[in-house]
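Engineer: Fold the following and give me the result.
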Amino acid sequence: MDKIARIDMGGVGGPTVTVTEVGEYAGLGGRAMTSIIVATEVHPLAHPLGAENKLVISPGMLSGTAGAMTGRLSVGCKSPLTGTIKESNAGGQAAQVLARLGYAAVILEGKPTTDDLYKLYINKDGIKLTVDNSLRLLDNYPAVAKLRGEYGDKVAYMTIGSAGERKLLSASIACTDPELRPTRHCGRGGVGAVMGAKGIKAIIMDDAGMKMRPPKEPERYRDANRKFVEGLRKHPVTGEGLPAYGTNILTNILNEAGGYPTKNFRTGVYAGGSKLSGEAQAELEIKRGGSATHGCHRGCVIQCSGIYNDANGNYVTKQPEYETVWSHGGHCGIDDLDTVATLDYMDDNIGVDTIEMGVTIGVAMDAGVIEFGDKEGAIRLVNEVGLGTPLGRILGSGAAITGKVFGVERVPVVKDQALPAYDPRPIQGIGVTYATTTQGADHTAGYAIATNILKVGGDVDPLKTEGQVELSRNLQIATAAIDSTGMCLFIAFAIMDQPETFQALLDMLGSFYGITMTGDDVVALGKKVLSAERDFNKRAGFTAAHDRLPRFFYNEPVAPHNQVFQITDEELDTVFNW
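Structural biologist: Got it, this is the predicted structure:
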């Protein structure tokens, strides 16, 4: 990956395409590439939907290779939802294809002077930008279907739905999976709204005629990759639990731990949890002719996704993730998997983040817009978002805005981004991550659940304050580095428990680039990324006062442990002291 493409949508005489060498950004990929470009090139006070913001699309350092688990894509910008720097991450085919085409980054900048919609076609011969207003207000499934009629089935697609075109703050960017379904989303932070503001409806990537990226040391790379895969397959989480039941295996686990937020974070246990569980979901998927095991990108050996069919055996959506099942399920008092699957499809189609959308509906339920448990009402509200009605625009702008509009006190957001599916009161470590991550509440930024609940990488008591700051700090550093490699974050389970698997990862990176990689190098990369993100946020006006949870987490004990969040402000302020 030796090229950077810049698409200036506000070019004199119309949009322009410039391709240059990677230059000062050489050696970066994924989140490291997106965050460092945004921190370097975007004015921190820029309006997120204005010409000064940039949308940076970057495959990981190992994407496009024969290595396992290397197909994650990073998209970065200044977030219209949070106002902070943002990196949003997705699987699907885009990262592998873009990397094989030789692009370390594609940067969308400027703003068009007309309201035309554009599509971007990238192949071995270069980049072509054309107007295609026939795609206007098409949602993701029909948009991809239309594009497939023109470009075929041997390419990868990135699209925005109607939410992105309307620049709604929860809008996502869809990446197609191996079957060309728009099911893998850069979901969080409103990145789809930024793509919409740039006037780009679709990106088509065609790597015909291109080969896998070759490592500098092929034999060493193959050996390291083999050992890495062996490690993933022998770990109980990546080799057994996730392939069998997907991420939704966590429903029963979190419910039993008392950390499953129910009815807008009123309690930590949901009576209908077993109906939503990964075990129940997998059984239903298999019974209906779907699948409980599926890879979101080629080269995935964990296979934690699946296919969800209706009672007649017809495809509905990909297997809803744990966070989606929670946000549209227990959070809203809904215990029906078919309803959750319908909502998941609607979110993917319209192009909104499933976490933000589900939490927003729960906030609306708290306001009395509809009742908790109202399945038909929840579907109706998401449909409002798709129609772009005034109510739909409010809901599509996220939980923070919806809470303000309807006068709700209990609004679970940090930096205006909705909290995911883990209550920070009985799981103190994840609360530290929610509060302090550079990107608004985000479980993936430093997944303390691994050690607090699953006892991976050690055992830190989730109910106590001791060790939580250090745990979150170390996980945030490691995550920033993993997000830069193009690796799926789920590799962390194995590398945290198995030193030989971590060494295999280091050897993959080292042999690919012809260098020696150490654990210290990984830590340095993570710190470099986080430091750039923190610096951007500071210049954008964010202070320590923004690294806090909503007050109700400190004041309202949650059952069954009847505990509040106990990490002090002074402790939170030490997370980035290294």
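Engineer: got the contact list for Leu276?
Structural biologist: 248, 251, 270, 325-326, 329-330, 335, 337, 340 (CB atoms under 8 Å, 6 or more residues apart in numbering). Just so you know, the C-beta spots here come from the backbone N, C-alpha and C atoms, and that holds for glycine as well.
Engineer: Mark which of those residues are part of helices, please.
Structural biologist: 251, 325-326, 337, 340 (DSSP state H).
Engineer: Make a ChimeraX selection of whichever of those turn out to be buried.
Structural biologist: This is the ChimeraX syntax for the buried subset of those, where burial follows 16 or more other CB atoms under 10 Å:
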select :251,325,326,337,340
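Engineer: which one of the ones in helices among the contacts of Leu276 sits closest to Asp535?
Structural biologist: Trp326 (33.3 Å; CB to CB).
Engineer: count of residues packed around the residue nearest to that closest one when sequence neighbours are not counted?
Structural biologist: The shortest distance from Trp326 to any residue other than its chain neighbours is 3.6 Å, reached at Ala421 (CB to CB, 6 or more residues apart in numbering). By the measure other CB atoms under 10 Å, the count of residues near Ala421 is 27.
Engineer: Verify the stated contact: Ala421 with His328.
Structural biologist: No - using CB atoms under 8 Å, Ala421 is not in contact with His328, being 10.7 Å away.
Engineer: that older thread, any idea how far the residue nearest to Trp326 lies from Asn255?
Structural biologist: To Asn255, Ala421 is 11 Å away according to CB to CB, to the nearest Å.
Engineer: try Arg6
Structural biologist: 48 Å.
Engineer: Same drill for the two, tell me which one is more crowded.
Structural biologist: Neighbour totals were compared for Arg6 and Asn255, and Asn255 leads with 22 against 18 (other CB under 10 Å).
Engineer: mind listing what's buried in the strand or helix carrying Gly231?
Structural biologist: Secondary structure from DSSP states H and E places Gly231 in helix 218-234. Residues of helix 218-234 classed as buried: 220-221, 224-225, 227-232 (neighbour count, 16+ other CB under 10 Å).
Engineer: List just the nearest of those residues to Ala524.
Structural biologist: Ala224 (20.3 Å).
Engineer: now the closest one, nearest residue through space, not along the chain?
Structural biologist: Among residues not flanking Ala224 along the chain, Asp507 sits closest, at 3.6 Å (CB to CB, 6+ apart).
Engineer: give me the element the one you found is part of.
Structural biologist: helix 499-513.
Engineer: Give me the distance from that helix to the chain's centre.
Structural biologist: 25 Å (CA atoms, centre = their mean, to the nearest Å).
Engineer: Need the contact partners of that helix.
Structural biologist: 27, 61-62, 65, 67, 213, 215-218, 220-221, 223-225, 227-228, 230-232, 235, 485, 487, 491, 494-496, 516-519, 521-522.
Engineer: Stretch 447-466 too?
Structural biologist: Counting by CB under 8 Å, 6+ apart, 237, 250, 253-254, 257, 259, 422, 426-430, 432-433, 443, 467-468, 471-472, 475, 479, 489, 492-493, 496-497, 561, 563, 566-567, 571 sit against stretch 447-466.
Engineer: Determine the three-state secondary structure at the residue nearest to Ile127 when sequence neighbours are not counted.
Structural biologist: Leaving aside its sequence neighbours, Ile127 sits nearest to Val17 (CB to CB, 6+ apart; 4.9 Å). Assigned with DSSP: H, G, I helix; E, B strand; the rest coil, Val17 falls in the strand class.
Engineer: In contact with Val17: list those residues for me.
Structural biologist: 5-8, 126-127, 129.
Engineer: now swap in Pro412 and tell me
Structural biologist: Pro412 touches 261, 264-265, 359, 363, 399, 418-419, 441, 550, counting by CB under 8 Å, 6+ apart.
Engineer: measure it to Ala450 for me?
Structural biologist: Taking CB to CB as the measure, Pro412 falls 21 Å from Ala450.
Engineer: Now do the helix holding Gly231: distance to the chain's middle.
Structural biologist: 26 Å.
Engineer: What about the contacts of Pro412, which are in strands?
Structural biologist: Ala418 (DSSP state E).
Engineer: and which of the contacts of Pro412 is nearest Ser277?
Structural biologist: Looking across the contacts of Pro412 and measuring by CB to CB, the closest to Ser277 is Pro261, at 15.8 Å.
Engineer: And the nearest residue to that closest one once chain neighbours are set aside, how close does it get to Gly440?
Structural biologist: In this structure, Pro261 finds its nearest non-sequential neighbour in Asp423, 4.6 Å apart by CB to CB, 6+ apart. Computed as CB to CB, the Asp423 to Gly440 distance reads 17 Å.
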